[in-house]
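Student: please find the sequence and the predicted model below.
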Amino acid sequence: MNIALRLQDQGRKKGHKEGHKEGRESTQLEIAAKLLKSGISLELIMESTNLSKDQIRQLQ
């Protein structure tokens, strides 16, 4: 495999990992928003989603 193909493959793998991470965070934010609307405590949402207090407060 030549250098160009290796670099292309590395870029593709990096993009896949970043996309997966962004998708997971987006899902956590959606879950947190639903829990907030249901009246669940901020502390329980933080524990359940691994989101920070600031991230959750921005949803309010």
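Tutor: Thanks, I have it.

Student: spatially central residue in the protein, please.
Tutor: E25 (1.2 Å; Cα atoms, centre = their mean).

Student: that one: which element?
Tutor: helix 3-37 (DSSP states H and E).

Student: helices and strands around the lowest-mean-pLDDT helix or strand in the chain, which ones?
Tutor: In the chain, the helix or strand scored least confidently by mean pLDDT, DSSP states H and E is helix 3-37, which has a mean of 82. On a contact count with 3 or more Cβ pairs under 8 Å, 6 or more residues apart in numbering; DSSP states H and E, helix 3-37 meets helix 42-49, helix 53-57. Where C-beta positions appear, they are placed from N, C-alpha and C, glycine not excepted.

Student: again, 7 Å this time
Tutor: Secondary-structure packing of helix 3-37 (3 or more Cβ pairs under 7 Å, 6 or more residues apart in numbering; DSSP states H and E): helix 42-49.

Student: the helix it packs on to helix 3-37, inter-axis angle?
Tutor: Put simply, helix 42-49 runs at 150 degrees to helix 3-37, going by axes from the mean of the first three to the mean of the last three Cα atoms, to 10 degrees.

Student: in helix 42-49, what's buried?
Tutor: I45, T49 (16 or more other Cβ atoms under 10 Å).

Student: give me the contacts around it.
Tutor: With contact meaning Cβ atoms under 7 Å, 6 or more residues apart in numbering, helix 42-49 is reached by Q28, I31, A32, L35, L36, K53, I56.

Student: then it to CSV, C-alphas only?
Tutor: The C-alpha coordinates for helix 42-49 follow below in CSV (Å, rounded to 0.1, in the frame of the first residue of the first chain):
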residue,chain,number,x,y,z
LEU,A,42,-30.0,17.5,37.4
GLU,A,43,-27.7,15.2,39.4
LEU,A,44,-29.4,12.0,38.2
ILE,A,45,-29.2,13.2,34.6
MET,A,46,-25.5,14.0,35.0
GLU,A,47,-24.9,10.5,36.5
SER,A,48,-27.0,8.8,33.8
THR,A,49,-25.6,10.6,30.7
